[in-house]
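Novice: Pasting the sequence and the predicted model now:
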Amino acid sequence: MHPILFEIGPITIRSYGVLVACAFFVSFFLLYKEARRKNFYPDKILDLELLILIFGVIGARALHVLVNFDFYKSNLPDIFFIWKGGLAFYGGLILAILASWAFVLRKKLPFWKTAGFIAPYVALGQSIGRIGCFLNGCCFGKSAPLSFLGVMFPGDTIYRYPTQLYASFALLGIYVILRLIQKKPLFSGFVFTAYLILYATQRFFIDFLRGDTSRYVLNLTVSQIISVVLFVVAVGKLCEAFAISRSTCTRKGYRLK
């Protein structure tokens with residue numbers, strides 16, 4: 001754990017804030033570069049990136065504060081100290097999707113194609129951001145039964161699962177998979193649907209190893225509950241798309257294997 005990178009007089013540069021900033025910069029730079037290469041509304045994508053950044057951070061912080069309201073109601077100024085850690089991704093995802101949906105409608109962009117174009121870079125940004133969580137010491141895991149399965153953070157007395165790194169590697173894998181899928185998507189919306197399924201799956205299982213989150217219904221975290229809902233919705237979209245595809249092929253006299 002290395003929460004503070006360095007200090008310049010009264011200014012403290014924190015690793016979490018730096019990594020989150022790097023996550024946005026790298027993912028948005030690559031996304032904009034790809035938009036220009038493919039001539040996919042590059043100027044509008046640039047505006048959309050700024051919108052995602054603003055509403056993503058607001059939504060992520062809002063959900064984190066809501067889940068940890070017992071702490072923040074007695075420490076109200078800390079609500080604004082996001083550089084210290086505390087962004088619940090699902091809050092950012094939901095608010096960013098809503099804001100992006102309104103933007104896409106206004107600018108008359110193809111929603112599913114735009115969402116699929118952006119999705120891999122969201123996963124890449126998350127992967128980088130999780131390294132910030134590791135350096136900050138937040139989002140830590142439960143006690144690991146064997147020392148070689150875990151890491152010991154400074155000031156701690158036990159080895160813990162490095163859940164931040166598990167998530168980072170999983171998200172990097174999701175980025176690679178989505179980039180491959182982008183080359184030949186099965187239907188409009190397939191890339192974004194795949195992102196939701198893959199992210200929800202890895203989050204659901206990794207959260208069983210998390211040691212920093214409260215648990216509610218069926219001993220699940222808030223993120224696990226949201227993951228289940230998103231997974232069901234995304235799989236439903238997948239099944240609907242394949243049903244439509246099968247019906248279309250049948251009408252045209254094709255046989256699906």
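Specialist: Yep, that arrived.
Novice: any idea how far Leu196 is from Phe190?
Specialist: Phe190 is 11 Å from Leu196, where distance means CB to CB, to the nearest Å. C-beta: built from backbone N, CA, C; applies to glycine.
Novice: try Asp156
Specialist: Distance from Asp156 to Leu196, counting by CB to CB: 34 Å.
Novice: Kindly report the same for Gly150.
Specialist: Counting by CB to CB, the gap from Gly150 to Leu196 is 30 Å.
Novice: So which elements touch the helix or strand where Lys33 lies?
Specialist: Per DSSP states H and E, Lys33 falls inside helix 15-37. If you count contacts as 3 or more CB pairs under 8 Å, 6 or more residues apart in numbering; DSSP states H and E, helix 15-37 packs onto strand 4-8, helix 42-67, helix 111-136.
Novice: Can you flag the weakest of the ones you listed by average pLDDT?
Specialist: Note on the helices and strands packed on helix 15-37: strand 4-8 shows the lowest mean pLDDT, a mean of 84.
Novice: who does it pair up with?
Specialist: Note on strand 4-8: by DSSP bridges, its sheet partners are strand 11-14 (antiparallel).
Novice: distance between the strand it pairs with and the chain's centre?
Specialist: Chain-centre distance of strand 11-14: 25 Å, with CA atoms, centre = their mean, to the nearest Å.
Novice: hmm, who's touching it?
Specialist: If you take CB atoms under 8 Å, 6 or more residues apart in numbering as the criterion, strand 11-14 is touched by 3-7, 83-84, 136.
Novice: Going by neighbour count, which of the residues you listed comes out on top?
Specialist: Counting neighbours by other CB atoms under 10 Å, Asn136 comes out on top of the contacts of strand 11-14 with 24 neighbours.
Novice: mind listing what that residue touches?
Specialist: Per CB under 8 Å, 6+ apart, neighbours of Asn136: 1, 3, 14-16, 84-85.
Novice: Can you get me the start-to-end distance on stretch 143-161?
Specialist: End-to-end distance for stretch 143-161: 6 Å, by CA to CA, to the nearest Å.
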